[in-house]
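Student: coords please:
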Amino acid sequence: MKRFLPLVALATLTGCVSFGSEPPPFLMALNADAQVAGGSARSAAVGQAITVQRPEVPQKLITNRLPVQTGETTIAYLADALWVDTPNELFRALLSETLAARTGRVVLDPATYSADPGMIVNGQLHEFGLDARTNETVIVYDATITDANGVRTRRFEQREPVFAQDAQTVAQALNRAANRMAIEFSDWVVG
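Tutor: Below you'll find the model as predicted:
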């Protein structure tokens with residue numbers, strides 16, 4: 001009987017021990033409305049490819065959580081709202097996919113452009129979250145293009161109203177705003 005007491009004690013403890021928080025019911029992602037068709041081939045002359053780099057972000061966006069501006073100088077994070085990747089990588093992928101689909105240009109991933117980066121797009125993603133004061137999602141992105149013609153910059157901003165402050169509603173609103181911005185962005189890059 002004494003041999004079984006440690007096993008019984010261990011079994012009762014397993015209900016009390018936790019190895020992390022409960023996972024959220026789902027993870028959020030961005031989905032490009034304009035996508036390159038499967039099987040399509042593209043080519044570019046030397047220097048004609050486009051590489052969209054991962055945007056720099058402030059500390060509040062160096063996470064998979066979704067920031068909420070609650071006051072002039074206060075930020076919280078939306079409950080149960082987790083991205084599948086960091087917001088700047090998801091945003092970069094959406095911009096790249098939209099740019100390739102809408103322009104027909106060769107758009108390279110930053111990990112594969114070393115042979116010939118061509119036109120390079122850098123940027124800063126200043127805002128990518130919810131403003132609880134106005135019930136809007138907000139995206140603010142400063143883009144910089146460097147190519148053989150020099151350097152040019154532009155600030156992009158998109159807002160989308162939300163009627164509920166939950167993860168699914170906010171993620172859908174951010175996706176719509178990001179897709180509108182990606183259209184503006186692609187027109188500017190090749191314009």
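
Student: what's the longest helix seen in the chain packed up against?
Tutor: If you go by DSSP state H, the chain has its longest helix at helix 167-190. Applying 3 or more Cβ pairs under 8 Å, 6 or more residues apart in numbering; DSSP states H and E, we find helix 167-190 packed against strand 65-69, strand 75-82, helix 87-103, strand 119-131, strand 136-147, strand 150-161. C-beta: built from backbone N, CA, C; applies to glycine.

Student: contact partners of the third one?
Tutor: When contacts are defined by Cβ atoms under 8 Å, 6 or more residues apart in numbering, helix 87-103 is touched by residues 29-36, 42, 50, 52-57, 61, 66, 83-84, 105-107, 109-110, 121, 125, 128, 139, 141, 178-179, 182-183, 185-187, 189-190.

Student: Now with 7 Å, please.
Tutor: The set of residues external to helix 87-103 that reach it, using Cβ atoms under 7 Å, 6 or more residues apart in numbering, is 29-30, 32, 34-36, 50, 52, 54-55, 57, 61, 83, 105, 107, 125, 128, 178, 182-183, 185-186, 189-190.

Student: between that helix and strand 136-147, how many degrees?
Tutor: 70 degrees (axes from the mean of the first three to the mean of the last three Cα atoms, to 10 degrees).

Student: Show me the shaky parts of this structure.
Tutor: Under the criterion pLDDT under 70, the flagged ranges of the chain are 1-21, 113-115.
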